[in-house]
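1. fold the following.
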Amino acid sequence: SCSPRLRLLRVVDHARAKGLHGDDLAAKVKDAERQIMRQGTGSRLASWSPEEVTRDQAAHFVLRLAFCRSEDLRRYFLANEHELFKTRFAAEAGDTTRFLRDNGLRYEPIDAEEFAALEADLKRTRRAAHGR
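-> Residues are numbered from 1 along each chain as shown. Sure, this is the predicted structure:
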């Protein structure tokens, strides 16, 4: 059933509409996820059973199809899924390398010198992506 994930996306949307952002938004999402998705147990993805992960992933894709009917629905879905992803990713902060590996994302860290060379471009890209 997609109902738990849809309820969670509605909580995210409502919190964003109230002007929550940053840590306040993340706390609201984590709390809702514990209540809705895990019925009060830990919300860290690492603690989910394979069946729970599969159910959540299936719900994501079913909702993705359902929300592609119009541009407004698509935008709603993407904005709220993005916030959910950011919150989940931050919750796994200690396990970032494992998260990337488990999701088939290749990542090679760069050294400080290469980062310094790219920093200005990265900041411009980030500002452009956020409309600033």
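2. okay, CA-based contacts and neighbour counts for the rest of this
-> OK.
3. helices along the chain, start to end?
-> 3-17, 22-36, 50-66, 71-91, 96-102, 112-129 (DSSP state H).
4. so for the fourth one, what gets flagged as buried?
-> Pointing back at helix 71-91 there. Neighbour-count burial for helix 71-91, counted by 16 or more other C-alpha atoms under 10 Å, picks out 74, 76, 77, 80, 81, 83, 84, 87, 88, 89, 91.
5. what mean pLDDT does that helix have?
-> For helix 71-91, the mean per-residue pLDDT is 91.
6. just how off-centre is it within its chain?
-> 6 Å (C-alpha atoms, centre = their mean, to the nearest Å).
7. ok, residues contacting that helix?
-> Here helix 71-91 makes contact (C-alpha atoms under 8 Å, 6 or more residues apart in numbering) with 9, 12, 13, 26, 29, 30, 44, 45, 64, 67, 68, 96.
8. which of these ranks first by neighbour count?
-> Neighbours here mean other C-alpha atoms under 10 Å. Within the contacts of helix 71-91, the largest count is held by residue 12, at 26 neighbours.
9. contacting residues for residue 17?
-> Per C-alpha under 8 Å, 6+ apart, neighbours of residue 17: none.
10. any idea how far the most centrally placed residue in the chain lies from residue 29?
-> Residue closest to the mean C-alpha point of the chain, counted by C-alpha atoms, centre = their mean, is residue 85 at 0.6 Å. Counting by C-alpha to C-alpha, to the nearest Å, the gap from residue 85 to residue 29 is 10 Å.
11. residue 9 too?
-> Taken as C-alpha to C-alpha, the span from residue 9 to residue 29 is 9 Å.
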